[in-house]
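Asks: 3D model of this:
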Amino acid sequence: MNTRKFWLNILAMFALVMGLMWLAFASLSSYTKHGESIKVPELAR
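Replies: Here you go, the predicted structure:
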């Protein structure tokens, strides 16, 4: 097993995981409409 290829693959996998996590957290605020609210009717009397 070539050690250089192994570490390059580990680095590439780490970069891919970090990129996917960044993308997920970056899109989370628009997906969940963070900061927006809606008025709901009061059903209990």
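Asks: which residue ranges form the helices in this structure?
Replies: Secondary structure of the chain (DSSP state H): helices at 3-31.
Asks: what bits of it have low per-residue confidence?
Replies: For the chain, the stretches with pLDDT under 70 are 1.
Asks: how does it look with 80?
Replies: The model of the chain has pLDDT under 80 over residues 1, 29-30, 33-35, 45.
Asks: measure the residue positioned nearest the centre of it to M13 for me?
Replies: Per C-alpha atoms, centre = their mean, the C-alpha nearest to the average position across the chain is that of A24, at 1.9 Å. Remark: distance between A24 and M13 (C-beta to C-beta, to the nearest Å) = 17 Å. C-beta here means a position set from N, CA and C on the backbone, and glycine is covered the same way.
Asks: before we move on, what about L20?
Replies: In terms of C-beta to C-beta, L20 sits 11 Å off from M13.
Asks: again, but for K39
Replies: From K39 to M13 the distance is 46 Å (C-beta to C-beta).
Asks: what about those two, which has more around it?
Replies: Neighbour comparison, K39 and M13: the larger count goes to M13, with 10 against 5 (by other C-beta atoms under 10 Å).
Asks: Quick check: buried residues in stretch 5-24?
Replies: Going by neighbour count (16 or more other C-beta atoms under 10 Å), nothing in stretch 5-24 comes out as buried.
Asks: Can you get me the centre-to-centre distance for it and its chain?
Replies: Here stretch 5-24 is found 14 Å from its chain centre; the criterion is C-alpha atoms, centre = their mean, to the nearest Å.
Asks: hmm, who's touching that stretch?
Replies: By C-beta atoms under 8 Å, 6 or more residues apart in numbering, no surrounding residue is in contact with stretch 5-24.
Asks: Let's see it as PDB, backbone CA atoms only.
Replies: C-alpha atoms of stretch 5-24 as PDB (Å, rounded to 0.1, in the frame of the first residue of the first chain):
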ATOM      1  CA  LYS A   5      -2.000   7.700  -1.800                       C
ATOM      2  CA  PHE A   6      -3.400   6.600   1.500                       C
ATOM      3  CA  TRP A   7      -3.000  10.000   3.200                       C
ATOM      4  CA  LEU A   8      -4.200  11.800   0.100                       C
ATOM      5  CA  ASN A   9      -7.400   9.700   0.200                       C
ATOM      6  CA  ILE A  10      -7.800  10.400   3.900                       C
ATOM      7  CA  LEU A  11      -7.400  14.100   3.300                       C
ATOM      8  CA  ALA A  12      -9.800  14.000   0.400                       C
ATOM      9  CA  MET A  13     -12.400  12.200   2.500                       C
ATOM     10  CA  PHE A  14     -12.000  14.700   5.400                       C
ATOM     11  CA  ALA A  15     -12.400  17.600   3.000                       C
ATOM     12  CA  LEU A  16     -15.500  16.100   1.500                       C
ATOM     13  CA  VAL A  17     -17.100  15.500   4.900                       C
ATOM     14  CA  MET A  18     -16.300  19.000   6.000                       C
ATOM     15  CA  GLY A  19     -17.600  20.400   2.800                       C
ATOM     16  CA  LEU A  20     -20.900  18.500   3.100                       C
ATOM     17  CA  MET A  21     -21.300  19.600   6.800                       C
ATOM     18  CA  TRP A  22     -20.700  23.200   5.800                       C
ATOM     19  CA  LEU A  23     -23.200  23.000   3.100                       C
ATOM     20  CA  ALA A  24     -25.800  21.400   5.400                       C
END
